[in-house]
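K.L.:
Build me a model from this:
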Amino acid sequence: QLVESGGGLVQPGGSLRLACVARGFILDYYAVGWFRQAPGKEREGVSCISSKLGVTNYTDSVKGRFTISRDDAKNTVYLQMSNLKPADTAVYYCAAERDRIRSCSFYKPDYDYWGQGTQVTVSS
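P.N.:
Residues are numbered from 1 along each chain as shown. Reported below is the predicted structural model:
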């Protein structure tokens, strides 16, 4: 099971840190991706981090603003989001893919576990 937290309402230019905690399995063996889905749009990949090596990937629209990191001792992956824009408003989901070490991707069928999502709203 994956559980997301840290969402909320923030003004444009503000920051939030999302957390994804794994329960019942060891997250160290998994690559983790953050995805988001805005109303009426498809779920899209935002950022991901591989297992072990911690190779990261970001979609172009968040590069330089979002940072993904993992704390395997806490079985948790974080998404630090800064300089948030109204276009970042969405439900954010984390997902885990087993044994993806040298890279990570936004190909949703590869992911084994999904969380329930946390709402992020960027508005003044």
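K.L.:
need the contact list for the residue lying closest to V62 once chain neighbours are set aside.
P.N.:
Excluding its sequence neighbours, the residue lying closest to V62 (Cβ to Cβ, 6 or more residues apart in numbering) is V46, at 5.8 Å. Using the backbone N, CA and C atoms, a C-beta is placed for each residue, glycine as well. Residues near V46 by Cβ atoms under 8 Å, 6 or more residues apart in numbering: 33-36, 58-59, 62, 66, 79, 92.
K.L.:
Kindly recompute the last result at 6 Å.
P.N.:
Applying Cβ atoms under 6 Å, 6 or more residues apart in numbering, we find V46 in contact with 34, 36, 59, 62.
K.L.:
Distance of it relative to P109?
P.N.:
17 Å (Cβ to Cβ, to the nearest Å).
K.L.:
same check, this time on N83
P.N.:
Separation of N83 from P109 (Cβ to Cβ): 32 Å.
K.L.:
of the two, who's got more company?
P.N.:
With neighbours defined as other Cβ atoms under 10 Å, N83 and P109 compare such that N83 has more, 13 against 5.
K.L.:
Now the more buried one: closest residue in space that isn't a chain neighbour?
P.N.:
Nearest to N83 is R65, by Cβ to Cβ, 6+ apart, at 4.8 Å.
K.L.:
isn't that neighbour right up against S82?
P.N.:
Yes: judged on Cβ atoms under 6 Å, R65 makes contact with S82 at a distance of 5.3 Å.
K.L.:
In a strand, G14, correct?
P.N.:
No: counting by DSSP: H, G, I helix; E, B strand; the rest coil, G14 is not part of a strand but coil.
K.L.:
give me the number of residues near it?
P.N.:
15.
K.L.:
Repeat that for the one 3 residues further on.
P.N.:
Burial of R17, expressed as a neighbour count using other Cβ under 10 Å, amounts to 13.
K.L.:
dump the residue contacts of the residue of the chain most remote from its centre.
P.N.:
Distance from the C-alpha centroid of the chain peaks at S124, with 23.6 Å (Cα atoms, centre = their mean). By Cβ under 6 Å, 6+ apart, the contact set of S124 is 11-12.
K.L.:
Relative to G14, how far out is it?
P.N.:
Distance from S124 to G14, by Cβ to Cβ: 10 Å.
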